[in-house]
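Colleague: My questions are about this predicted structure, shown below with the sequence.
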Amino acid sequence: MNSDDSRSFLSALIGDGRSLILFTAIALLFSGGGAIFLSVTGHFLPHDVEFLGMQPVALCELNQCRIVHFMIHDRLSFGGVLVAIAVLYAWLALFPLREGESWAWWTLALTNATGFGSFLAYLGYGYLDGWHAWATLLLLPVTLTGLWKTRRLCSKPLDFRAAAWPVSWRSRQAWGWLLWMMWGSGLVAAGATILTVGMTLVFVPSDLDFIGYTREQLNAINPRLIPLIAHDRAGFGGGLFTTGLTVLCILWKAAPSRHVWQALTAAGIVGFGCAIGVHYPIGYLDFWHLAPAWAGAAVFVTGAWLLKR
């Protein structure tokens with residue numbers, strides 16, 4: 001007996017394209033999880049070791065392992081950002097995109113452009129990460145195909161009015177929404193700043209105080225060390241900028257619901273948990289370095305509490 005289903009296996013897998021967006025989210029989730037795992041275990045990727053010509057254990061013999069700890073601090077934070085973006089992309093695919101919301105598609109298009117585009121930051125510091133390049137080249141066609149396919153789902157016209165603009169500013173929901181808009185704006189500003197620092201100065205004064213070496217001394221230890229650290233910083237900054245942009249688009253256009261609150265809360269917990277939590281085991285406790293992160297976390301937590309349904 002012949003089946004009436006004439007679809008190919010591949011077209012069934014791709015479906016309306018949302019499976020490819022989910023695949024992108026899963027790839028980001030595994031990449032972020034891998035970055036967190038390597039950071040916690042103190043390992044470098046093989047191509048990093050090859051580029052440096054040094055093992056982490058050799059760097060750890062210098063000044064109480066501060067150089068490796070500093071690199072772990074950037075990499076674990078980057079891992080948290082990737083997981084946060086994965087959560088938000090999965091939510092966009094599973095909810096508003098399924099409902100034909102054009103803003104969800106444009107949010108994915110815009111933030112994938114900034115996310116993938118931040119890879120080009122390597123032009124500023126001169127270290128081309130081969131694994132990162134291959135991962136980008138392999139994932140980009142999947143994401144672009146997903147965007148091309150899901151464009152057909154956009155049955156509702158795009159407009160720029162806020163979906164959840166408060167009727168009254170006396171409600172807890174209004175203040176919670178405002179605080180979360182501040183959270184998203186803070187992520188965008190912080191991401192742009194860190195990306196710029198990574199491509200130019202690489203370090204702020206507190207970084208060098210923690211590491212215990214000047215730029216000249218780091219160059220003397222290994223001339224490839226600063227470009228590798230710059231790569232980590234710029235990557236984290238680009239990811240943070242993309243997360244903030246995604247958060248702002250969702251807050252502006254998504255109708256309040258339990259599932260959007262859960263997705264944003266999960267993204268914030270992972271992001272802040274990694275970015276703040278890594279500082280304590282490595283002992284990087286400069287007040288002015290941590291103050292913006294703690295202030296952002298306070299704004300995020302208060303907003304989550306006010307918006308909880």
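Modeller: Structure received. Numbering: from 1, shown residues only.

Colleague: CA atoms for contacts and neighbours, from now on please.
Modeller: Will do.

Colleague: Output the below-cut-off pLDDT ranges for this protein.
Modeller: Where the chain drops to pLDDT under 70, the residues are 1, 125.

Colleague: contacting residues for the spatially closest residue to residue 155 that is not a sequence neighbour?
Modeller: Distances taken as CA to CA, 6 or more residues apart in numbering place residue 100 nearest to residue 155, at 4.9 Å, with adjacent residues excluded. Taking CA atoms under 8 Å, 6 or more residues apart in numbering, we find residue 100 in contact with 153, 154, 155, 156.

Colleague: Could you give the backbone dihedrals for residue 100?
Modeller: phi 80, psi 20 (degrees, to the nearest 10).

Colleague: Could you report the neighbour count for residue 167?
Modeller: Residues near residue 167, counting by other CA atoms under 10 Å, number 9.

Colleague: thinking again about what came up before, among the contacts of residue 100, give me the pair with the biggest separation.
Modeller: Pairwise distances across these peak at 8.7 Å for 153 and 156 (criterion: CA to CA).

Colleague: Neighbour count for the two, which is higher?
Modeller: More neighbours surround residue 153 than the other of residue 153 and residue 156, with 18 against 11 (other CA under 10 Å).

Colleague: okay but that one is in contact with residue 98, surely?
Modeller: Yes - the pair formed by residue 153 and residue 98 meets the contact definition of CA atoms under 8 Å, at 7.2 Å.

Colleague: what about residue 134, how many residues close to it?
Modeller: Applying other CA under 10 Å, we find 11 residues neighbouring residue 134.

Colleague: From residue 39, how far off is it?
Modeller: 21 Å (CA to CA, to the nearest Å).

Colleague: before we move on, what about residue 3?
Modeller: Counting by CA to CA, the gap from residue 3 to residue 39 is 51 Å.

Colleague: Could you check which of the two is surrounded by more residues?
Modeller: Between residue 3 and residue 39, counted using other CA under 10 Å, residue 39 has the larger neighbour count: 22 against 5.

Colleague: Which strand or helix spans that one?
Modeller: For residue 39, the element it lies in under DSSP states H and E is helix 18-41.
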